[in-house]
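>>> I'd like to go over a predicted model; first the sequence, then the structure.
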Amino acid sequence: MKTTINILSVSLLLSSYLCTVECNGSGSEQQPQPANRSTCVAALKEMKHAMDINDSNAIVRHFPRRTVEYSYMEYREVVGTCKEILARLDIAKLQDGDTVTRSIMTSKSPCMEKYSITIDADSLKFTDVMDKKTEYKMPQQDTEDEIDPSSLCEHMQWYHFRLVNGHLILTSLGGAD
């Protein structure tokens, strides 16, 4: 089982690396232009609106299929996760700061989920991190089982966007379990 997990982890990291190289390395794509925070936030709001109304033409512009096909993730999963991140965060707060985050914990779950968006010049990074709650203790009746439910909590996904001609374009993505 551990060998399978290790092989899967290595293949996920390699997939993320290949996506970054393939999606960013050819030089034939449009080059991003310098942007200010207001332009990035406006482009982010435009992308959120397109996702909220399910405008498939606009969604494809923001999420090029070529970028996603080099990853291990399915196209709908990528779009859905980014839509969930946007729904859970107050993106207007990015007008005054570089990062907006939110942690969500449910009382009976051993997991907590943390969403964030960070602006860095003309780039935005979305992250979705699930981790074990620090105060979680495995219930006594479950200690005989070999699998601690909190071990299923550990994963991360990230999505990098660049501002190109006033629109946010997904340029790379990855994840780790």
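In hand now; what should we look at? Numbers count the residues shown, from 1 in each chain.

>>> work out which residue lies at the spatial centre of the protein.
In the chain, the centroid-proximal residue (Cα atoms, centre = their mean) is W158; its distance is 3.3 Å.

>>> and that residue, helix, strand or coil?
strand (DSSP: H, G, I helix; E, B strand; the rest coil).

>>> OK, contacts around T127?
85, 114-118, 156-159 (Cβ atoms under 8 Å, 6 or more residues apart in numbering). The C-beta positions use only the backbone N, C-alpha and C, and glycine is treated the same way.

>>> if we can go back for a sec, just checking, the residue nearest to the centre of the chain touches L170?
No - between W158 and L170 there is no contact under Cβ atoms under 8 Å: 11.0 Å.

>>> between these two, which contacts overlap?
By Cβ under 8 Å, 6+ apart, W158 and L170 have no common neighbours.

>>> where does L168 fall, secondary structure wise?
strand 167-176 (DSSP states H and E).

>>> that strand packs against which elements?
Under the contact criterion of 3 or more Cβ pairs under 8 Å, 6 or more residues apart in numbering; DSSP states H and E, strand 167-176 touches helix 2-24, helix 37-52, helix 56-62, helix 65-69, strand 155-164.

>>> mean pLDDT for these: which is lowest?
Of all the helices and strands packed on strand 167-176, mean pLDDT reaches its minimum on helix 2-24 (a mean of 39).

>>> confidence score at S151?
Per-residue confidence (pLDDT) for S151: 69.

>>> the nearest residue to Y159 once chain neighbours are set aside: what's it in contact with?
Take Y159 and drop its neighbours on the chain: the residue closest to it by Cβ to Cβ, 6 or more residues apart in numbering is F126, 4.3 Å away. When contacts are counted by Cβ under 8 Å, 6+ apart, F126 touches 81-82, 85, 115-117, 158-159, 161.
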